[in-house]
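*Asks:* I would like to see how this sequence folds:
(2 chains)
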Protein chains: 2
Amino acid sequence: MKIVILGSGNIAFHLAKAFYDKKIEISQIFGRNEEALKEISEKFSVPFSSENLADADFYLIAVNDDAVQEVSKKIKKENCLVAHTSGSLPKDILEGNYRKASFYPLQTFSKSKELNYHEIPFFIEGENEKDVELMRKIALKISPNVATSDYEKRKYVHLTAVFACNFVNHLFARAKEISDSQNIPFSWFFPLIEETTSKILKIEPKQAQTGPAVRNDERVLKLHESLLTEEEHLKIYRTMNESIKKMYEL
Amino acid sequence: MKIVILGSGNIAFHLAKAFYDKKIEISQIFGRNEEALKEISEKFSVPFSSENLADADFYLIAVNDDAVQEVSKKIKKENCLVAHTSGSLPKDILEGNYRKASFYPLQTFSKSKELNYHEIPFFIEGENEKDVELMRKIALKISPNVATSDYEKRKYVHLTAVFACNFVNHLFARAKEISDSQNIPFSWFFPLIEETTSKILKIEPKQAQTGPAVRNDERVLKLHESLLTEEEHLKIYRTMNESIKKMYEL
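*Replies:* Numbers count the residues shown, from 1 in each chain, chains lettered A, B, ... in the order given. Have a look, this model is predicted:
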């Protein structure tokens, strides 16, 4: 079976790497950014092109959401399977006379960061059982965590991930601004951050909550508000504390 | 040197355990909750009392912020060192004619969760260099991460921790509500959560940001808002996205 990856950004890079590591052969990596394609090509021994899309049985469109539809039109072949990797697009966004699918890896991809591919959950969706089975086999070579998921469910998977990953990272970024402002090395918070995460693998997050809001400690809440000079910090502080109080009916 | 811990909650429990593990002898654990005291006493071979505070050189008040002052009055001895463990109280909250100090472990303590004590940063403050050295020696037996920090700095350490830990945990709790509502096991998000945390040990969180807000992807932002039926979820969603956009000037 011939596989082609379309795209040259973070997801394309990491999928190419995961396929390479697991000895799943890729016929071509196709995209616009020659420099990025060349890097992937050299690192993971895969031919690249920015002009002629190779013939394949399975095309994997690993580009930003807003480019998926446009890129999908480049595939003129009919008897083939085409999947996108987006958590927030239906498979029917794909425009062509091929069989449509979704192959969604639930992970946060930054090029400069190594990943444990064997832990990435994949959510797949196809038009028929045969396509689903094919994608399941491919995904299972990378990770044991493979589930089928239609668009209705996938949207919520992605939304949950935004809370549990994107927003969490932003809190780290805002926290670092506060510690930086006082010349406190952010690395001092790493053990706390690691414990915060590892705790919820054992205890439900609702049970694991600590801090002034869940103790309804008005003195500390007011003290902290008086320290926050940046508007965005204060907005986050109040929104999160209000939400904590509501969750515990304080 | 005789050490007494006052308190029987999460911090007292974990300090007693850390001291026990590192063979730092505790003369007594003192508090009100007999049942909790008894458990700590049995687990970590330390005498307990809820009535007669033992004589000691170093009293460690490990109770909730709002009880620190009251508990500190129970220490009538003068020639001794008394420290509280709070991140958001000055050492002068302590009421007595003893030498006052702060001994603040930066960690989130849940009784049912084992901890890597050797990674806990301690922030200490005393009235004189001798007291600081004494506390530093004790803290260093538990962890290599020991810093001096006056109240001005400690307040910001605690505030940063609220963003990087308490709020992060609350995001996990809210995320789980969303995945629960669709019968998606929250454990599917564990690899993503672990990667989100481990990534910032290598990349600055500001550089590690992913997700629809930093891409300024209005379609996905609107899609997600349409899925969020709970008011608190929506408030968090909007506050965090606005803050992300401001940080990246989008």
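
*Asks:* Tell me, how many residues neighbour the closest residue to A:Ile3 other than its chain neighbours?
*Replies:* In space, and not counting its chain neighbours, A:Ile3 is closest to A:Phe58: 4.8 Å by CB to CB, 6 or more residues apart in numbering or on different chains. For glycine as for every other residue, the C-beta is placed from the backbone atoms N, C-alpha and C. A:Phe58 has 22 neighbouring residues, counting by other CB atoms under 10 Å in any protein chain shown.

*Asks:* what's A:Phe58 in contact with, if anything?
*Replies:* For A:Phe58, the contact set (CB atoms under 8 Å, 6 or more residues apart in numbering or on different chains) comprises A:Met1, A:Lys2, A:Ile3, A:Val4, A:Cys80, A:Leu81, A:Val82, A:Ala83, A:Leu134, A:Met135, A:Ile138.

*Asks:* now do A:Glu204
*Replies:* A:Glu204 neighbours (CB under 8 Å, 6+ apart): B:Ala173, B:Lys176.

*Asks:* same check, this time on A:Phe44
*Replies:* A:Ala16, A:Lys17, A:Phe19, A:Tyr20, A:Ile26.

*Asks:* most distant residue from the middle of chain A?
*Replies:* A:Arg219 (38.7 Å; CA atoms, centre = their mean).

*Asks:* before we move on, what SS does A:Phe13 have?
*Replies:* helix (DSSP: H, G, I helix; E, B strand; the rest coil).

*Asks:* same question but for A:Ser102, I mixed them up
*Replies:* strand.

*Asks:* Could you tell me the phi and psi values at the closest residue to it other than its chain neighbours?
*Replies:* Closest residue in space to A:Ser102, ignoring its immediate chain neighbours: A:Glu125 at 4.3 Å, by CB to CB, 6+ apart. The phi/psi pair for A:Glu125 (degrees, to the nearest 10) reads phi -150, psi 140.

*Asks:* quick one: contacts for A:Glu125?
*Replies:* Going by CB under 8 Å, 6+ apart, A:Glu125 touches A:Lys91, A:Ala101, A:Ser102, A:Val132, A:Thr148, A:Ser149, A:Asp150, A:Tyr151, A:Arg154.

*Asks:* and which of those residues is nearest A:Asn33?
*Replies:* Proximity of the contacts of A:Glu125 to A:Asn33, judged by CB to CB, is greatest for A:Ser102, which lies at 23.7 Å.

*Asks:* So A:Ile29 belongs to a strand, correct?
*Replies:* Yes: under three-state DSSP, A:Ile29 falls within a strand.

*Asks:* from memory it sits against A:Ser50, does it?
*Replies:* No: here A:Ile29 does not reach A:Ser50: they are 9.8 Å apart, not a contact under CB atoms under 8 Å.

*Asks:* More neighbours: these two, which one.
*Replies:* Using other CB under 10 Å as the criterion, A:Ile29 and A:Ser50 rank with A:Ile29 on top: 29 against 15.

*Asks:* mind giving me the domain ranges of chain A?
*Replies:* According to automatic domain parsing, chain A comprises the domains A:3-149, A:155-247.

*Asks:* hey, what's the residue lying closest to A:Pro47 once chain neighbours are set aside bridged with?
*Replies:* Among residues not flanking A:Pro47 along the chain, A:Gln28 sits closest, at 5.1 Å (CB to CB, 6+ apart). Per DSSP bridges, residues listed as beta-bridge partners of A:Gln28: A:Val4.

*Asks:* mind checking how far A:Gln28 is from A:Ala12?
*Replies:* Going from A:Gln28 to A:Ala12 by CB to CB, to the nearest Å gives 12 Å.

*Asks:* okay, the angle between the helix or strand containing A:Phe172 and helix B:168-181?
*Replies:* Element membership of A:Phe172 [criterion: DSSP states H and E] is helix A:167-181. Relative orientation of helix A:167-181 versus helix B:168-181 (axes from the mean of the first three to the mean of the last three CA atoms, to 10 degrees): 170 degrees.

*Asks:* Show me what secondary structure element comes after helix A:167-181.
*Replies:* helix A:190-199.

*Asks:* mind checking how far the helix holding A:Phe172 is from the chain centre?
*Replies:* 20 Å (CA atoms, centre = their mean, to the nearest Å).

*Asks:* Check which residues of that helix are buried.
*Replies:* Under the neighbour-count criterion of 16 or more other CB atoms under 10 Å in any protein chain shown, helix A:167-181 has A:167-179 buried.

*Asks:* ok, now stretch A:179-194?
*Replies:* Residues A:Ser179, A:Gln182, A:Ile184, A:Phe186, A:Trp188, A:Phe189, A:Phe190, A:Pro191, A:Leu192, A:Ile193, A:Glu194 are the ones in stretch A:179-194 that count as buried (16+ other CB under 10 Å).

*Asks:* I'd like the average pLDDT over the longest helix anywhere in chain A.
*Replies:* Counting by DSSP state H, the longest helix found in chain A is helix A:231-247. Averaged over helix A:231-247, pLDDT sits at 98.

*Asks:* and what of stretch A:175-191?
*Replies:* Here the average pLDDT along stretch A:175-191 is 96.

*Asks:* Now do the end-to-end distance for that stretch.
*Replies:* Here the two ends of stretch A:175-191 are set 14 Å apart, with distance taken as CA to CA, to the nearest Å.

*Asks:* Identify all contacting residues around that stretch.
*Replies:* Contacts of stretch A:175-191 (CB under 8 Å, 6+ apart): A:228, A:230, A:233, B:106-107, B:116, B:119-121, B:145, B:147, B:153, B:156-157, B:159-161, B:163-165, B:201, B:204-206.

*Asks:* quick one on the thing from earlier: return the subset of the contacts of A:Phe58 lying in helices.
*Replies:* Going by DSSP H, the helices hold A:Leu134, A:Met135, A:Ile138 from the contacts of A:Phe58.

*Asks:* Closest one of those to A:Asn241?
*Replies:* Comparing these against A:Asn241 with CB to CB places A:Met135 closest, at 43.3 Å.

*Asks:* Leaving out sequence neighbours, find the closest residue to the closest one.
*Replies:* Nearest non-adjacent residue to A:Met135 (CB to CB, 6+ apart): A:Ile124, at 4.5 Å.

*Asks:* And the one you found, how far from chain B?
*Replies:* Distance, A:Ile124 to chain B, using CB to the nearest CB, to the nearest Å: 13 Å.

*Asks:* Go ahead and confirm that residue touches A:Asp150.
*Replies:* No: in this structure, A:Ile124 is not within contact of A:Asp150 by CB under 8 Å, at 10.1 Å.
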